[in-house]
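Asker: Predicted coordinates and the sequence they were generated for:
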There are 2 protein chains.
Amino acid sequence: MDCILPRFLNAKIADGSLADLTVAGGRFSAITPAANAAGTPPGAVDLAGQLVLPAFVEGHIHLDTSFYGDVWRPHIPCTNGFDVRERVAFQMRNLEQAAPMEERAKNQLELCVGNGSLAMRSHVMVDAAVGLKHVETILAVRGKYRELIDIQLVAFPQSGIQSSPGTAELLDEALKLGCDLIGGLDPASFDRDVKGHLDVVFGLAEKHGAGIDIHLHDGGTLGLFEIEEIAARSTALGMQGKVAVSHAYALGDISADALAKAGELLAASGVAIMTNAPGNHPFPPVAALRKAGVTVFAGSDNIRDSWWPYGDGDMLNRANMIGYRSGFYEDCQLEAAYDVVSHAGARALGLEGYGIAVGAKADFVALRAEHVPEAVVAVPKERTVYRAGREVVKDGKVVDRAGLTGLPSTGLRSA
Amino acid sequence: MDCILPRFLNAKIADGSLADLTVAGGRFSAITPAANAAGTPPGAVDLAGQLVLPAFVEGHIHLDTSFYGDVWRPHIPCTNGFDVRERVAFQMRNLEQAAPMEERAKNQLELCVGNGSLAMRSHVMVDAAVGLKHVETILAVRGKYRELIDIQLVAFPQSGIQSSPGTAELLDEALKLGCDLIGGLDPASFDRDVKGHLDVVFGLAEKHGAGIDIHLHDGGTLGLFEIEEIAARSTALGMQGKVAVSHAYALGDISADALAKAGELLAASGVAIMTNAPGNHPFPPVAALRKAGVTVFAGSDNIRDSWWPYGDGDMLNRANMIGYRSGFYEDCQLEAAYDVVSHAGARALGLEGYGIAVGAKADFVALRAEHVPEAVVAVPKERTVYRAGREVVKDGKVVDRAGLTGLPSTGLRSA
């Protein structure tokens, strides 16, 4: 049998030109100016000028706690402002009644893949009550979806470390089982012990050679102090490029001087910042941090779970939100918003072979837009997604399950 | 010929039940519990449990200045922070090179109708430079689309009144030509003459029996002062329910005490507040104002024009944004976000026969969602839109042009 390499003709690439892309062994083997030959040869797909983007990077999600596709679960009012402990308790009650975790995780994965994300970092809850149950379930789901999407798992102490005795040991076990990173949660406001919390987190990271991604909602100078501590430890342990702070709301509500200092520190210590551009409170200033050399990446965070009802698993729409919330109007700003959900995400996650380039993995999205700025404001939903050069998604639905371990289509209970 | 009344079976209505809707003369003539009879009789459409919502109300748009469907026009940096005069000048340069206004307005109208808005308030620029050209063009477009969407036009002094001599007379003329309301623009920061500006606006409103809708970007105590002036004049002239302030950013950055007082004043004077829930600066607190009895409505505002590149003409997505920006998580809050783009909009615009009720106009949207809260977070794009009981939109595209005056499908130049 002759081997015909997959080719994608007339792809609009980043510089605005049309190119023909050749794929061999799941990677781009050639990118040449569009030949514009008559007809479409066998094995080739005519993209007819569609914009080709590397598949999006979902940098922060919770595969274990979403109710997407499950029955609707109304939210409860916060009794006294937003309280993380109250929310964790509400989540536990909700999860007891929810559809099986594996099914909910699959629903969410297919939503994300359907929107063009082929790499993801998911936090997975570990605490004294649930033990390693969530980790084991999500590890199994990851295995089943391996051919479709690359998933990094963070062992996430959702109920704190000091607050939930036994959690440190469970986190250790979770890393042994296959989690890639160790998480953390508001060392000050949740565990009331910044040093103790970070000692466990960085200790386990060092022991396992794991990365770190810490949830930090603490605001103002308190949150800033914790960021300084995280940066100092990252530098001391030579962990530049392997540590991230998720949310980091503090960076959105400190003075310009303090922010400038924090930006320098984060850049020097190689600590990345994850934001989902939340709707109703301050968040890290994306442009200022990028200018300082900080890697800012993004994620959907929660999708229809006990923390909020929002989320659509669409990282291009997240880029739109990041731009909208940041007052990004100019083309170069809209391109920055897109970079946050793509190349910067790949840097933060340490992905190998990312991009539309010879040698890079042929994981890409094709959609109708003139260029990146238009894609960010228009958020076209009609997308085709290619994994290793194979069409896996058409019109938001996974169409190629050949590589999956006998997975049936998930049955969503609601839209 | 027997007359078979259009019927819509198995519609999910607001109380969560399934109903059969009968339409006569373009209005709902009967709403009864779903009969669940076998088969679908002639003239009937089985909605199969789809959620039925009254068509959305686009409360603030600029039909004359959008580039939607035209070539991409990159934004320019603000030289010294955001400046309205600078933006107006940029807009004038852009408009000189743009596709014909009629074509651009149609593109935008079809976008809005395609997303389910069948009533709209558009501001239309009037100043000494463009004279009544914009008004005449948009009046003509309105005439052509009359059977498809109800459009109120605001004669909008985009270059101020005192700042652009001759504008007062042009506004007078615009109202004679058919504009329904008189607009205004930052009486303090733009025209530097609050009393003079409002004298013209309220004077012309009184003369023509027209409504008022004033653009007010002025923040803090300055904007609040102007709101107080507008409220006082509305009450003095007995114009309760006919006056709106658009944007009213000031309400988002004053003290809680001042806001409480302003809320009472606005409610008592029947002045409505329009917000598009902007991304990166304070905006009117929707929940607090609604609680005070103020009508808060919404609009897309600019769609891909010289003011910003965002906007999709989707008022359900706008409800999502309003909820997201307002921290609305509970079902009742998500319902409030929806109310802003529907019933409250109808109140602000003074629409007759709005809603899913016997006697109301059969202008509605059918989509897949369990209930309003889910519709607001999921923003399903597959919608069918009915005007006077006739299907006019399928999958975002206008499919029934029978009522239109020989309008061809618009040719969008880009996505």
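Answerer: Arrived safely, thanks for sending.

Asker: okay, now A:Leu175: neighbour count?
Answerer: Counted with other CB atoms under 10 Å in any protein chain shown, the neighbours of A:Leu175 add up to 22. Quick note: C-beta positions are derived from backbone N, CA and C, even for glycine.

Asker: got it, and A:Phe225?
Answerer: For A:Phe225, the number of neighbouring residues by other CB under 10 Å comes to 15.

Asker: for A:Met321, same thing?
Answerer: Neighbour count of A:Met321, defined by other CB under 10 Å: 24.

Asker: cool, and A:Asn276?
Answerer: For A:Asn276, the count of nearby residues is 22 (other CB under 10 Å).

Asker: now do A:Lys361
Answerer: For A:Lys361, the count of nearby residues is 24 (other CB under 10 Å).

Asker: Over to A:Val399?
Answerer: Counted with other CB under 10 Å, residues neighbouring A:Val399 total 12.

Asker: Distance check, it against A:Val393.
Answerer: Per CB to CB, to the nearest Å, A:Val399 is found 6 Å from A:Val393.

Asker: Going by contacts, tell me the helices and strands next to the longest strand seen in chain A.
Answerer: Using DSSP state E, we find that the single longest strand of chain A is strand A:117-125. Helices and strands touching strand A:117-125, as assessed by 3 or more CB pairs under 8 Å, 6 or more residues apart in numbering or on different chains; DSSP states H and E, comprise strand A:56-61, helix A:133-144, strand A:150-156, strand A:211-216, helix A:343-349.

Asker: Name every strand pairing with that strand and say which way it goes.
Answerer: Here strand A:117-125 is paired, per DSSP bridges, with strand A:56-61 (parallel), strand A:150-156 (parallel).

Asker: could you redo these as CSV and give each row distance to B:Val135 and mean neighbour count?
Answerer: Shown next, in CSV, are these (distance: least, CB to CB, whole Å; neighbours: other CB atoms under 10 Å in any protein chain shown):
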stretch, distance to B:Val135, mean neighbour count
strand A:56-61, 44, 29
strand A:150-156, 56, 25
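
Asker: Arrange those strands in JSON lines, one row each, with mean pLDDT as further columns.
Answerer: Below are the strands paired with strand A:117-125 laid out as JSON lines (pLDDT from 0 to 100):
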{"stretch": "strand A:56-61", "mean pLDDT": "98"}
{"stretch": "strand A:150-156", "mean pLDDT": "98"}
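
Asker: can I get the ones you listed in TSV with distance to B:Ser122?
Answerer: TSV is the format used below for the strands paired with strand A:117-125 (distance: least, CB to CB, whole Å):
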stretch	distance to B:Ser122
strand A:56-61	35
strand A:150-156	47
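
Asker: Residues contacting stretch A:285-293, please?
Answerer: Stretch A:285-293 is contacted by residues A:251-252, A:259-260, A:263-264, A:266-267, A:273, A:275, A:277, A:296, A:322, A:326, A:328, A:333, A:336-337, A:340, A:344 when judged by CB atoms under 8 Å, 6 or more residues apart in numbering or on different chains.

Asker: Emit the ChimeraX select command for whichever of the residues you listed are buried.
Answerer: To isolate the buried subset of these in ChimeraX, counting by 16 or more other CB atoms under 10 Å in any protein chain shown, use the following:
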select /A:251,252,259,263,266,267,273,275,277,296,322,326,328,333,336,337,340,344
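
Asker: Quick check: A:Asp395 touching A:Glu382?
Answerer: Yes - using CB atoms under 8 Å, A:Asp395 makes contact with A:Glu382 at a distance of 6.1 Å.

Asker: what sits in contact with each of these two?
Answerer: Shared contacts of A:Asp395 and A:Glu382, defined by CB under 8 Å, 6+ apart, are absent.
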